[in-house]
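**Student:** give me a 3D structure for the following:
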Amino acid sequence: MSLQTGSAAPQFTLFNTEKKEVSLSDFKGKKVILHFFPLAFTSVCTEQLCTMRDNFGYYEGLNAIVLGVSVDSLFTLGKFKEENNYQFDLLSDFNKEVSAAYGALYNEFAFGMKGVSKRAAFVIDEEQNIIYAEVLESAGDLPNFEAIDAAVK
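**Tutor:** From the prediction side, this is the model:
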């Protein structure tokens, strides 16, 4: 399933690294930059999220929040967040339901792994509609950060 610009964003509730539930609906009235990434502690995933970390102040100034989502456990994500000083929530989609709902799930990944989040980026507006959608087939590619920034503006 491919989500398009203008579609309603699929609603979700996932646990963050502090073991608290976070729902997309918590952020109605703000823009949400939703980043899916395959696996914590890998080089491209770290680069993706560090780029968002380094631009965090810019997004806050535009009434936008950043959320990272992967199928890693919340414990793995907690260590990843701590080691990289991410100031935004990382959410565990351990059951793979949200990644699937956003069309961002590999059936088969490297090393025989199945059900890993694809690298993807979505910008969701204040009314919870998708205003930017990018799902990458190659885990080695990064999202288009300039296009994300433009959508947030």
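
**Student:** list the buried residues of the helix or strand bottoming out on mean pLDDT in the chain.
**Tutor:** The least trusted helix or strand in the chain, going by mean pLDDT, DSSP states H and E, turns out to be helix 56-60, with a mean of 74. Neighbour counts over helix 56-60 (16 or more other C-beta atoms under 10 Å) mark Tyr59 as buried. Every residue, glycine included, has its C-beta placed from N, CA and C.

**Student:** and it, what does it pack onto?
**Tutor:** Of the remaining helices and strands, those touching helix 56-60 by 3 or more C-beta pairs under 8 Å, 6 or more residues apart in numbering; DSSP states H and E are strand 64-70.

**Student:** what about Val123, how many residues close to it?
**Tutor:** With neighbours defined by other C-beta atoms under 10 Å, the count for Val123 comes to 23.

**Student:** just the CA coordinates for the least confident helix or strand of the chain, please, in PDB.
**Tutor:** Output of helix 56-60 as PDB, limited to C-alpha atoms (Å, rounded to 0.1, in the frame of the first residue of the first chain):
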ATOM      1  CA  PHE A  56      15.700  19.900  15.600                       C
ATOM      2  CA  GLY A  57      15.700  23.500  16.600                       C
ATOM      3  CA  TYR A  58      14.600  24.500  13.100                       C
ATOM      4  CA  TYR A  59      11.600  22.200  13.200                       C
ATOM      5  CA  GLU A  60      10.600  23.300  16.700                       C
END
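
**Student:** nearest spatial neighbour of the most centrally placed residue in the chain, skipping sequence neighbours?
**Tutor:** Nearest residue to the geometric centre of the chain (C-alpha atoms, centre = their mean): His35, 2.0 Å. In this structure, His35 finds its nearest non-sequential neighbour in Gly68, 4.9 Å apart by C-beta to C-beta, 6 or more residues apart in numbering.

**Student:** next up, the contacts around that neighbour.
**Tutor:** Residues in contact with Gly68, defined by C-beta atoms under 8 Å, 6 or more residues apart in numbering, are His35, Phe36, Phe37, Leu49, Met52, Leu77, Tyr86, Phe88, Asp89, Leu90, Leu91.

**Student:** give me that answer again for 6 Å
**Tutor:** Taking C-beta atoms under 6 Å, 6 or more residues apart in numbering as the contact definition, Gly68 lies against His35, Leu49, Leu90.
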